[in-house]
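Novice: With the input below, show me the fold.
(one chain, ligands or ions: 2)
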Amino acid sequence: MSVSLDFTGKTVVVVGGTSGINRGVAELFAEHGARVAVASRSQDKVDDTVSALQKLGAEAMGFSADVRDIDAVAAGLGEVHKAFGDFDVLVSGAAGNFPATAKGMSANAFKTVVEIDLLGTFHVMKSAEPFLKKPGASVINISAPQAYVPMQAQSHVCSAKAGVDMVTRTLAMEWGEEGIRINSVVPGPIDGTEGMDRLAPTEELRQLCVDSVPMARMGSPEDIGNACLFLGSPLASYISGVILPVDGAWSLGGCGGMSHSLKAFARQ
Ligand code: COA
Ligand code: NAP
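Specialist: Numbers count the residues shown, from 1 in each chain. Ligands and ions are numbered 1, 2, ... in the order given. Model prediction:
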């Protein structure tokens, strides 16, 4: 059987898709023919992204919602379903991060990241499940190496993203009988993104990070988008419950000196 990465006629929803890596993912699906919906808190960012997707020739829409609010997420996804029908691919990637040691953060700071990353992922998946009825439908959660590489000044993110990967794996089992595939994509350090700017804010730290990647470069949003295209396509029709690092082998070496450098400039 011949299969391709043509998403013409398919609906792709990217939650947290209005900047950085996830916006790159949304744009790549649009370039491959999909109709694309994006969501995030800022209506301005949603509008800007929808207009960029339309300029790429895609049918596009968006809605503003905080993933911590399941009612807002469900209402927004319902609007997308009304306009675009059942979903083929759902990408869930809204996240928050800042470097802070456990002593340097309040309980509310820890809770905030867990609520955005972990609870938010659950809200998005639970609200979208009634719309994942097409044969081959799949979910891609955007995780992080912190899910399995402990890093100082990242206890909140490590805990939250480890939870995200376990939601991926447990729901891959629960929803498998409905034909829904669920996978996590784990980006390495991705150049020019908010996440990297927060974790490596100086040129010296940026270079330290590059030097710690066996492939000797940072990744791009397109590197992550390509993995999502594959996982969302029929080429991956028997792949579910996988945690896929797309990181130039960065996490194999424990993400270099990231743990020490982060602790050095985090709020203590
Ligand atoms: N160090 C320690 N604590 C911090 C912090 C830092 N650098 N930045 C925020 N916090 C704390 C706040 O002080 C607050 O705790 P408090 O109420 O006890 O004072 C708590 O975190 C929540 O902050 P708040 O600004 O109210 O949260 P928010 O919901 O408006 O924003 C964030 C969420 C903090 C995660 C914000 O950085 C964000 O919106 N991030 C999205 C973009 C992003 O992180 N991109 C990278 C993705 S990898
Ligand atoms: P980013 O540009 O800050 O993107 C985050 C996206 O999520 C934005 O669209 C943001 O838009 C949205 N968002 C944030 N909080 C939200 C909330 N509470 N509700 C709804 N939407 C919310 O970050 P990025 O660096 O590209 O990271 C994207 C993803 O990749 C994240 O899951 C991150 O953990 C993961 N990752 C990044 C790197 C990296 O190198 N950057 C490495 C590993 C993993 P609004 O502000 O409008 O809400």
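Novice: residue contacts, the closest residue to M196 other than its chain neighbours?
Specialist: Nearest in space to M196, with sequence neighbours left out and distances taken as C-beta to C-beta, 6 or more residues apart in numbering, is P189 at 5.5 Å. All C-beta spots, glycine's among them, are computed from the backbone N, C-alpha and C. Contacts for P189 were tallied using C-beta atoms under 8 Å, 6 or more residues apart in numbering; they are M196, L199, A200, C209, V210, V213, M218, G219, D247, W250.
Novice: and the first one, how many residues sit next to it?
Specialist: Other residues lying near M196 total 21 when counted by other C-beta atoms under 10 Å.
Novice: near ligand 1, which residues of the stretch 151-268 of the chain show up?
Specialist: Counting by C-beta under 6 Å from any ligand atom, the residues of the stretch 151-268 of the chain lying close to ligand 1 are E194, G195, R198, R267.
Novice: Just the buried subset of the residues you listed, please.
Specialist: Buried positions within those, assessed by neighbour count (16 or more other C-beta atoms under 10 Å), are G195.
Novice: Out of the residues of the stretch 151-268 of the chain next to ligand 1, name the ones that lie in helices.
Specialist: Secondary structure of those is defined by DSSP state H; positions in helices are E194, G195, R198.
Novice: and ligand 2, which of the residues you listed reach it?
Specialist: Subset of these in contact with ligand 2: E194, G195, counting by C-beta under 6 Å from any ligand atom.
Novice: want to try a markdown table for the ones in helices among the residues of the stretch 151-268 of the chain next to ligand 1, with distance to K134 as columns?
Specialist: As requested, those are exported to a markdown table (distance: C-beta to C-beta, whole Å):
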| residue | distance to K134 |
| --- | --- |
| E194 | 32 |
| G195 | 31 |
| R198 | 37 |
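Novice: Name the next helix or strand downstream of the helix or strand where Q54 lies, please.
Specialist: With elements delineated by DSSP states H and E, Q54 resides in helix 43-55, which encompasses its position. Tracing the chain C-terminally past helix 43-55 and defining elements by DSSP H and E, one meets strand 60-64 next.
Novice: Run the angle between that next one and helix 43-55 for me.
Specialist: Angle of strand 60-64 versus helix 43-55, following axes from the mean of the first three to the mean of the last three C-alpha atoms, to 10 degrees, is 170 degrees.
Novice: between the residues of the stretch 151-268 of the chain next to ligand 1, which is closest to ligand 2?
Specialist: Out of those, the one with the shortest distance to ligand 2 is G195. That distance is 2.5 Å, counting by C-beta to the nearest ligand atom.
Novice: Is ligand 2 within reach of the helix ranked longest in the chain?
Specialist: Secondary structure of the chain read by DSSP H shows that its longest helix is helix 155-174. No: contact between helix 155-174 and ligand 2 is absent, the nearest approach being 6.8 Å (criterion: C-beta under 6 Å from any ligand atom).
Novice: Alright, that wraps it up for me.
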